[in-house]
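Colleague: with the sequence up front, the predicted model follows.
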Amino acid sequence: MSDFIHDVRMNPSPAWNPPPVTDPIRIAQIGLRGLVAPQHVAELQKNPNFRLVAAFDRRAGESELAPQIAPITSRGGKVYGDYHELLTDANVEAVCIAAPHHLHRQMSLEAFSSGKHVLVEKPMAVHPEDCRAMIESAAAVKKIGAVQMQHAGRSSMLMLRDKLRAGAIGKIRQVKVASLWSRDEKYYARSAWAGRKMIGPAWNLDGVMFNQACHHIAQAMILASSEEWPIPAPLDDIRAKLYRFHEAPTLEMEDTAFVTATVAGDQARFTLAATTCNAVDQVEIELIGEKGRATWDGAGKGIGRLFIQGQSVEEFNDDRGIFTGDSRVFNSFAAAIRTGVKPITDFAAVARLTDAIFACYQQADWKISKVPWSATRSLPQKIEQFLQTGEMPDF
């Protein structure tokens with residue numbers, strides 16, 4: 001039991017808590033299927049900073065989308081089967097994009113060209129050049145570009161980060177990330193883009209790093225950053241070994257990754273183990289400093305903890321749920337549109353995440369070793385050993 005637990009009503013720095021906008025953002029949801037889009041719709045329906053006035057899905061007429069479509073049309077919103085037709089809707093100020101990775105650049109650029117602000121689901125894009133094009137396009141038309149990375153706005157993470165920047169554990173020496181997930185063969189057969197490297201000429205890179213671990217790599221980079229704004233610290237000296245255990249015939253990318261790096265500036269050692277071959281979902285970020293350590297549990301309720309001299313001394317809980325109508329990332333996006341403040345997850349900041357992950361593939365020379373599924377029996381032990389020593393495992 002912690003000696004002190006923050007009251008859940010406490011908030012991080014006021015900078016991350018802009019006041020509500022007086023004129024709700026008229027927004028359209030791009031994409032209604034999958035795991036994330038329904039959660040976007042739920043957030044936008046409940047959040048007073050937004051008015052969900054339109055949506056697009058190329059299968060808008062299918063019955064399975066009725067639960068997402070009904071709350072939009074019941075309030076007078078329009079549902080389009082043509083994305084470009086939606087972009088001509090003058091009532092739409094902004095779009096929230098939940099589309100496959102390979103469409104993020106294209107859809108964002110077209111939205112900016114149509115005069116819309118853009119909130120795009122993670123990853124922002126999977127190629128650094130795509131990120132740069134999105135940043136330049138937003139700047140050219142003076143529109144807001146931000147990334148929907150809900151964990152970046154969680155109170156537990158931001159309050160823990162405030163403590164780390166204040167020197168709670170001293171200089172950070174190590175950053176360890178375990179992003180372990182359980183996904184079966186059916187997961188990779190769920191769509192034509194799942195697990196693919198390219199879709200036509202567009203980069204897709206749907207491996208464990210840009211999909212499941214993307215959030216937690218970003219969290220670790222943010223927690224380790226010494227910058228005032230909660231943006232990812234760049235990574236240097238990246239090394240990576242990539243593996244594929246699943247037998248899914250369409251899987252072209254890695255389902256398991258081991259990465260070492262150093263955090264730019266402070267030179268803390270960074271280690272990442274990510275996989276979709278774990279028995280259960282399990283996420284933890286650990287930062288080890290001169291005077292103690294900190295942890296953030298990302299798979300559960302998002303609890304941050306500080307340990308000094310081996311004892312738990314402070315615990316940080318969230319003051320709000322995720323996608324319950326009070327998302328700090330969504331609220332920050334709304335405030336940026338109305339007041340010009342920088343959103344928590346603005347394009348320029350999140351592009352650092354894409355730079356880091358893409359560099360992992362480059363350093364590995366795009367080699368992904370195929371390993372029999374039977375070898376996953378030793379995976380838990382090899383992950384634990386890797387996180388302790390930083391020595392790359394072989395299978």
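Modeller: Received the coordinates, thanks.
Colleague: and the helices in the stretch 51-200 of the chain?
Modeller: For the stretch 51-200 of the chain, the helices defined by DSSP state H, counting those that start in this stretch cover 66-73, 83-87, 104-113, 128-141, 155-165, 185-188.
Colleague: so in the protein, which strand runs the longest?
Modeller: What stands out as the longest strand in the chain, according to DSSP state E, is strand 277-289.
Colleague: residues in contact with it?
Modeller: With contact meaning CB atoms under 8 Å, 6 or more residues apart in numbering, strand 277-289 is reached by 164, 168-183, 216, 219-220, 223-224, 245-246, 255-256, 268, 293-299, 373, 376, 379-380. C-beta coordinates here come from the backbone N, C-alpha and C atoms, glycine included.
Colleague: got it, and stretch 53-60?
Modeller: Contacts to stretch 53-60, defined as CB under 8 Å, 6+ apart, come from residues 26-33, 41, 65, 68-69, 72, 76-83, 86, 89, 91-92.
Colleague: hang on, the earlier thing: now find how far off-centre the longest strand of the chain is within its chain.
Modeller: 16 Å (CA atoms, centre = their mean, to the nearest Å).
Colleague: quick one: it to helix 155-165, angle?
Modeller: 30 degrees (axes from the mean of the first three to the mean of the last three CA atoms, to 10 degrees).
Colleague: list the buried residues in strand 277-289.
Modeller: Residues of strand 277-289 classed as buried: Cys277, Asn278, Gln282, Val283, Glu284, Ile285, Glu286, Leu287, Ile288, Gly289 (neighbour count, 16 or more other CB atoms under 10 Å).
Colleague: what's the angle between the helix or strand following it and helix 155-165?
Modeller: Downstream of strand 277-289, the first helix or strand assigned by DSSP states H and E is strand 292-297. Between strand 292-297 and helix 155-165, the angle comes out at 160 degrees (the same axes, to 10 degrees).
Colleague: tell me the strands beside strand 292-297, with direction?
Modeller: Applying DSSP bridges, strand 292-297 is found paired with strand 277-289 (antiparallel), strand 303-308 (antiparallel).
Colleague: what sits closest to the most far-flung residue of the chain relative to its centre if chain neighbours are left out?
Modeller: Computed with CA atoms, centre = their mean, the residue of the chain farthest from its C-alpha average is Gln309, at 32.1 Å. Leaving aside its sequence neighbours, Gln309 sits nearest to Gly292 (CB to CB, 6 or more residues apart in numbering; 6.8 Å).
Colleague: was I right about that neighbour contacting Phe307?
Modeller: Yes. Applying CB atoms under 8 Å, one finds Gly292 in contact with Phe307, separated by 5.2 Å.
Colleague: can you check which residues contact both of these two?
Modeller: Val313.
Colleague: and Pro18, how close does it get to Pro230?
Modeller: Remark: distance between Pro18 and Pro230 (CB to CB, to the nearest Å) = 14 Å.
Colleague: between those two, which one's more packed in?
Modeller: Neighbour count, other CB atoms under 10 Å: between Pro18 and Pro230, Pro230 has more, with 25 against 20.
Colleague: which residues does the residue nearest to the more buried one when sequence neighbours are not counted contact?
Modeller: Nearest residue to Pro230, sequence neighbours excluded (CB to CB, 6+ apart): Ile222, at 5.1 Å. Contacts for Ile222 (CB under 8 Å, 6+ apart) come out as Ala152, Met157, Arg161, Pro230, Ile231, Pro232, Ala233.
Colleague: so for the strand or helix carrying Gln45, mean pLDDT?
Modeller: Assigned by DSSP H and E, Gln45 falls within helix 37-46. The average pLDDT within helix 37-46 is 94.
Colleague: now do it: distance to the chain's middle.
Modeller: Between the centre of helix 37-46 and the centre of its chain there are 17 Å (CA atoms, centre = their mean).
Colleague: in that helix, which residues are buried?
Modeller: Of the residues in helix 37-46, Ala37, Pro38, Gln39, His40, Val41, Glu43, Leu44, Gln45 count as buried by neighbour count, 16+ other CB under 10 Å.
Colleague: all the strands of the stretch 151-300 of the chain, in order from the start?
Modeller: 172-182, 198-199, 202-203, 235-244, 256-263, 269-275, 277-289, 292-297 (DSSP state E, counting those that start in this stretch).
Colleague: among those strands, which comes closest to Val126?
Modeller: strand 202-203 (5.0 Å; CB to CB).
Colleague: in its sheet, what does that closest one sit against?
Modeller: strand 198-199 (antiparallel).
Colleague: and the contacts of the partner strand?
Modeller: Contacts for strand 198-199 (CB under 8 Å, 6+ apart): Pro100, His102, Ala192, Trp193, Asn204.
Colleague: got it, and stretch 369-387?
Modeller: So stretch 369-387 is contacted by 176, 178, 180, 241-247, 256, 258, 271, 273, 275, 277-279, 391-393, 395 (CB under 8 Å, 6+ apart).
Colleague: over to stretch 140-149?
Modeller: Under the criterion CB under 8 Å, 6+ apart, residues 36, 40, 94, 96, 98, 108, 112-113, 115-124, 134-135, 137-138, 214-215, 218, 329-330, 332-333, 336-337, 343-347, 350 lie in contact with stretch 140-149.
Colleague: and Lys186, how many neighbours?
Modeller: Neighbours of Lys186 using other CB under 10 Å come to 8.
Colleague: now do the contacts for it.
Modeller: Taking CB under 8 Å, 6+ apart, we find Lys186 in contact with no residue.
Colleague: please report how far it lies from Gly195.
Modeller: As judged by CB to CB, Lys186 and Gly195 stand 12 Å apart.
Colleague: now Gly207: closest residue in space that isn't a chain neighbour?
Modeller: Spatial nearest neighbour of Gly207, excluding adjacent residues (CB to CB, 6+ apart): Met253 at 3.2 Å.
Colleague: pretty sure that neighbour is touching Ala194, no?
Modeller: No. Contact criterion CB under 8 Å: Met253 and Ala194 do not qualify, at 9.5 Å.
Colleague: compare neighbour counts for the two and give me the winner.
Modeller: Shown here are Met253 and Ala194; by other CB under 10 Å, Met253 has more neighbours (22 against 19).
Colleague: re earlier: distance to Glu384 and mean pLDDT added to the helices of the stretch 51-200 of the chain, as TSV?
Modeller: Formatted as TSV, the helices of the stretch 51-200 of the chain follow (distance: least, CB to CB, whole Å; pLDDT from 0 to 100):
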stretch	distance to Glu384	mean pLDDT
helix 66-73	41	83
helix 83-87	46	96
helix 104-113	34	98
helix 128-141	32	98
helix 155-165	24	93
helix 185-188	24	94
